[in-house]
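Visitor: Test case, fold it:
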Amino acid sequence: MATMSTTICAFVIFLSTIILVTHGQALNPIDKCWRMNTQWRRNRQQLATCSAGFAGKMSNNIGRDVTRYVVTDPSDDALKPKPGTLRYGTTMIKGKKWITFKRSMHIKLDKPLLISSFTTIDGRGTNVHIANGACLIIYKANNVIIHGLRIHHCKAQPPSSIMGPDAKIISLGQVDADAIRLVSASKIWIDHNTLYKCNDGLLDVTRGSTDITISNNWFRNQDKVMLLGHDDGFIRDRNMKVTLAFNHFGPHCNQRMPRLRHGYAHVANNLYDGWTQYAIGGSQSPRIKSESNFFIAPNSENKEVTWKQNKNGQKFFYSVGDLLKNGASFSRTVTGRARPNYSPEQAFQVQPASKVRSLTSSAGALQCSKRSRC
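Guide: This is a model prediction of the structure:
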């Protein structure tokens, strides 16, 4: 009986794969790991075994000791979070927590939301917007997954006191209007989110943050998209390692996809749907390997993919296998390989750039049916 069940399950996965390919959608290695499972709701924690890149597998976020918490209330109180709210789950529940949502909802955060270590926020199966207020901060935390959210129209916040991780009151200074901000964070996976129209940037990775994977996201309608590295003088960011894979940038993005200071970024199999100033930039001797990306230059404005600040040392921009369309050009500074040197659990297969449109066709928050695959 067990053998028959296994055979049937394997056949269903095989059939689902054929259906996806028939419809012109090839799954990238991360999505292929879990999206074929029609029982994903019963096995949500499978997601944590599918990450790749510098974050590695997120196995520390799963296990029998995980608290399952369901958000039922879209309201927010920054100092006295109510049970059922998102803030209560991220701050008042200790230890490992897997946060899901009972229904689709719009959440307007009263103040920035600090996310504690060993937290997974899983928006699959619902349409969750965090918008028109404060947004997310991962501060001195590790082992965090942010998946399946729509974060937009974030606004700058004045100094305030808020409830922080482990139910401790924390004082914050002025907070910029970023959708997601990482500060001194490590082992973070940001996957399948849709981010747009924030007053500052969409994603900042700063102050010594490292071992970050940013995958399958849709970044659109934004001036400054992504900053990796705090400022030119913050040399701890030399140790920063970030993977950007299978993301869709655009339309209507201007610059910083990403801009890197000091550290290393492996930018692979991303779709760039135009830019105004530049797509990939850097200063303070960053190391960037651009591998098998699909760059579509705008009809007007600047056709050059890269921007480099001409001071304080060399800049290492390496391009291999990139596809340059509509007159796009990539100004390389070195011809070395700039390998990411992934461990076995971090490694993933980079696909030819000709497949990028298909590999990124599901970028952003997914529409997942209750009774079938995502």
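
Visitor: Kindly provide the whole-number mean pLDDT of the helix or strand where residue 281 lies.
Guide: Taking DSSP states H and E as the definition, one finds residue 281 inside strand 280-283. Taken as a whole, strand 280-283 has an average pLDDT of 91.

Visitor: swap in stretch 50-63?
Guide: 98.

Visitor: Helices along the stretch 51-200 of the chain, start to end?
Guide: Secondary structure of the stretch 51-200 of the chain (DSSP state H, counting those that start in this stretch): helices located at 86-91.

Visitor: all strands of it, in order?
Guide: 67-71, 97-101, 105-107, 113-114, 119-122, 128-131, 136-139, 142-147, 150-152, 160-164, 168-172, 180-183, 186-191, 194-196 (DSSP state E, counting those that start in this stretch).

Visitor: could you dump the ones you listed to a markdown table with distance to residue 85 and mean neighbour count?
Guide: From N, CA and C alone the C-beta is placed, and that goes for glycine too. Below are those laid out as a markdown table (distance: least, CB to CB, whole Å; neighbours: other CB atoms under 10 Å):
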| stretch | distance to residue 85 | mean neighbour count |
| --- | --- | --- |
| strand 67-71 | 7 | 17 |
| strand 97-101 | 11 | 21 |
| strand 105-107 | 8 | 17 |
| strand 113-114 | 10 | 24 |
| strand 119-122 | 13 | 24 |
| strand 128-131 | 12 | 24 |
| strand 136-139 | 14 | 23 |
| strand 142-147 | 17 | 23 |
| strand 150-152 | 17 | 22 |
| strand 160-164 | 11 | 20 |
| strand 168-172 | 17 | 13 |
| strand 180-183 | 19 | 25 |
| strand 186-191 | 22 | 25 |
| strand 194-196 | 22 | 24 |
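
Visitor: Columns mean pLDDT on top of the ones you listed, output as CSV?
Guide: Below are the strands of the stretch 51-200 of the chain laid out as CSV (pLDDT from 0 to 100):
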stretch, mean pLDDT
strand 67-71, 98
strand 97-101, 98
strand 105-107, 98
strand 113-114, 97
strand 119-122, 98
strand 128-131, 98
strand 136-139, 97
strand 142-147, 98
strand 150-152, 98
strand 160-164, 96
strand 168-172, 94
strand 180-183, 97
strand 186-191, 98
strand 194-196, 98
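
Visitor: Between those, which one is closest to residue 233.
Guide: Nearest of these to residue 233, taken as CB to CB: strand 180-183 at 16.1 Å.

Visitor: How far away from the center of its chain is the closest one?
Guide: In terms of CA atoms, centre = their mean, to the nearest Å, the centre of strand 180-183 is found 11 Å from the chain centre.

Visitor: What distance do you get for the closest residue to residue 304 other than its chain neighbours to residue 308?
Guide: Spatial nearest neighbour of residue 304, excluding adjacent residues (CB to CB, 6 or more residues apart in numbering): residue 329 at 5.3 Å. Going from residue 329 to residue 308 by CB to CB, to the nearest Å gives 13 Å.
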